[in-house]
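Chemist: Provide a 3D model corresponding to the input given below.
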Amino acid sequence: MQVRDWIYVADHCSAIDAILKKGEAGEKYLVSAEDERHNIDVVKSILKLLNKPGSLIQYVADRSGHDVRYAFDPKKIKELGWKPKYKFDEALKNTVRWYEQ
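Modeler: Take a look at the predicted model:
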């Protein structure tokens, strides 16, 4: 039931560009699309895009000390005028198609 904050690579790159152009030297900026999802839901979405059955999922034991949730507060980077452009479903579809090609 781990949760991660998912972001499309193009949005992450545009965030880095915004920091380089508008950020303050030595400052820290957390990049987030504020799109938290359970890992298992992402896996199921990928399988659906690939027209594959859920029976392909193999559950494994968590490693010791595994974090349940990663999330970031993007307040400071938003102050630079940055925000993500891609919605999760579109970004995931683009990513899956890229790997297929």
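Chemist: please point out which parts of stretch 79-94 sit buried.
Modeler: 80, 82, 84, 86, 88, 91-92 (16 or more other CB atoms under 10 Å). Where you see a C-beta, it was placed from the backbone N, CA and C, and this is true even at glycine.
Chemist: okay, those residues in TSV with pLDDT next?
Modeler: Formatted as TSV, the buried residues of stretch 79-94 follow (pLDDT from 0 to 100):
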residue	pLDDT
Leu80	97
Trp82	97
Pro84	96
Tyr86	97
Phe88	97
Ala91	97
Leu92	98
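Chemist: give the helix, strand or coil label for Ile7.
Modeler: Classification of Ile7 using DSSP: H, G, I helix; E, B strand; the rest coil returns coil.
Chemist: confidence score at it?
Modeler: You'll see Ile7 listed with a pLDDT of 96.
Chemist: how about Tyr70?
Modeler: The model reports Tyr70 with a pLDDT of 81.
Chemist: what's the closest of the buried residues of stretch 79-94 to Ser32?
Modeler: Distances from Ser32 to the buried residues of stretch 79-94, taken as CB to CB, are shortest for Pro84 (8.4 Å).
Chemist: residues touching that closest one, list them.
Modeler: Listed by CB atoms under 8 Å, 6 or more residues apart in numbering, the contact set of Pro84 reads 7-8, 11, 15, 33-35.
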